[in-house]
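In: 3D, please:
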Amino acid sequence: KINYEFTDWLSAFVRIGADITNVKRLSINKPGHHFHPSGRMSKSVNSFGELNSEFLITAKRDLSEKLNIVVSAGGNLSKRTSEEIKIKGDDFKIPSKFFFSNLSNPRPIEDTPQSIKKVNSLYGSANLAYDNFLYVDLTARNDWSSTLGENNRSYLYNSASISMLLHRFIDPERQLFNLIKLRGSWAEVGNDTGTYQLYQTFNVPGEGYLGLTTLSSPDIRLNPDLRPETVTSNEFGLELSLLNNRLSFDLSIYNMATTDLIFDVPVAAATGFSKFKENLGKVTNRGIEITLGGTPIRNQNLSWNTNLFFSQNKNKLVELIEGTENLTYLTTNSGNLSLRAQVGGSIGDIYGTVWDKDDSGQYKVNANGIPIASAPDNYLGSALPDWLGGWSNTIVIKNLSFNFLIDARIGGKIYSETSSNLDGTGVSERSLK
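Out: Now for the predicted structure:
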């Protein structure tokens, strides 16, 4: 990193950083393993690299005795790479020796060539402060991503926020309030996708059918017209600190909307694929977060800080792609339960089978008297919690510090495949009732 100060109010820096990680994995399943009775061995080498080159120019000026401004402009060149090679095989010739030439059935080498992702960025910000009371922050950033098509790889996102310190007017002597702060913000965030998600590629197996060179098509149809995801949010907040900073309160109310989510959409097998990669719909999240803190004890030998947390989020799927009202993105092996995104519902809704009933409310049974299950399209609840809570504490006794935290996740449905199998085979306590 190189810093340079042009004047007392104008400075700049240039920085280059690299991060290289190599991961080697060795897995040995000795003969007698419950899944691989004759033994299995695999070894892989993964390489990950990231190179960032950036610059930033910053100007700081006092426009008047009460008005200050900081303006910054810069850019970043980001390059990320990854590659992998893996060899494996099974059936050890000598059961007690574990090396690859001791395998009776070596598999073809799996080689994933290097993938490269580049993102070029330009960004700027302006921070204004008026009379140590009013603060305004503005930002803008434009990214150009190599993972998106030529017409969509450039995307701009901005943010603006404002905050006001009101205690100097409401309680200038700070007899009760140490801080009264109102804040509000609006922001956009753009997001691209992974490498090579635009055009179809084909896998070349190490050993093709009958020794021939064969190509296999992936299960997902890629999309050259992918657009970047966009998250737009606005937030209002209130911060209070009073009684010589021994009591604090923080309230945040937010509203977020995510559009053009990049998702693998299940399609009919007649298409030749299991999924299409698409931009789809709009998801909203609205919620509230509250923190109440206090310091009941504070002296030279002992202090106790405690905080209570509460948050609640309401998630809603507003729309999907045209002609689609729901999207199933996870299903049990038996197909009796699924996580389904339904327009008007939430991401996390659970649908599944129930015991079918007739018009009079009686359970339907087959000829053997066994209850009949319904179609797996009944809404069973949401996996998302109704609200989250917590209680954190820090106790300091002279030079000794003690912390503990209690978390609560209230509401939401959980499905256990293990419990389902135990019930179905009649070996659970619940199946005796």
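
In: residue 284 - how many residues pack around it?
Out: Other residues within reach of residue 284, judged by other CB atoms under 10 Å, total 16. Placement of C-beta: from N, CA and C, glycine included.

In: double-check that it belongs to a helix.
Out: No - counting by DSSP: H, G, I helix; E, B strand; the rest coil, residue 284 is not part of a helix but strand.

In: residue contacts, it?
Out: Residue 284 is in contact with 255, 256, 257, 258, 315, 316, 318, counting by CB atoms under 8 Å, 6 or more residues apart in numbering.

In: can you select the buried ones from the residues you listed in PyMOL?
Out: Restricted to buried positions by 16 or more other CB atoms under 10 Å, the PyMOL selection for the contacts of residue 284 reads:
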select buried, resi 256+257+258+315
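
In: let's have the contacts of residue 284 in JSON lines, adding secondary structure and distance to residue 388.
Out: Shown next, in JSON lines, are the contacts of residue 284 (DSSP: H, G, I helix; E, B strand; the rest coil; distance: CB to CB, whole Å):
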{"residue": "255", "secondary structure": "strand", "distance to residue 388": "18"}
{"residue": "256", "secondary structure": "strand", "distance to residue 388": "16"}
{"residue": "257", "secondary structure": "strand", "distance to residue 388": "21"}
{"residue": "258", "secondary structure": "strand", "distance to residue 388": "20"}
{"residue": "315", "secondary structure": "strand", "distance to residue 388": "13"}
{"residue": "316", "secondary structure": "strand", "distance to residue 388": "18"}
{"residue": "318", "secondary structure": "strand", "distance to residue 388": "23"}
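
In: show me which residues of stretch 77-94 are buried.
Out: Residues of stretch 77-94 classed as buried: 78, 79, 80, 81, 82, 84, 87, 88, 89, 90, 91, 92 (neighbour count, 16+ other CB under 10 Å).

In: now do the phi/psi pair for the residue lying farthest from the centre of the chain.
Out: Distance from the C-alpha centroid of the chain peaks at residue 367, with 49.0 Å (CA atoms, centre = their mean). Per-residue torsions, residue 367: phi -60, psi -20 (degrees, to the nearest 10).

In: quick one, what contacts the most centrally placed residue in the chain?
Out: Nearest residue to the geometric centre of the chain (CA atoms, centre = their mean): residue 191, 11.8 Å. Taking CB under 8 Å, 6+ apart, we find residue 191 in contact with 228, 229, 230, 231.

In: hang on, the earlier thing: mind checking how far the residue farthest from the centre of the chain is from residue 356?
Out: Using CB to CB, to the nearest Å, residue 367 is found at 15 Å from residue 356.

In: am I right that residue 322 is in a helix?
Out: No - secondary structure assignment (three-state DSSP) places residue 322 in coil, not in a helix.

In: what about it, how many neighbours?
Out: Once other CB under 10 Å is used to define contacts, residue 322 is seen to have 7 neighbours.

In: many thanks, we can stop here.
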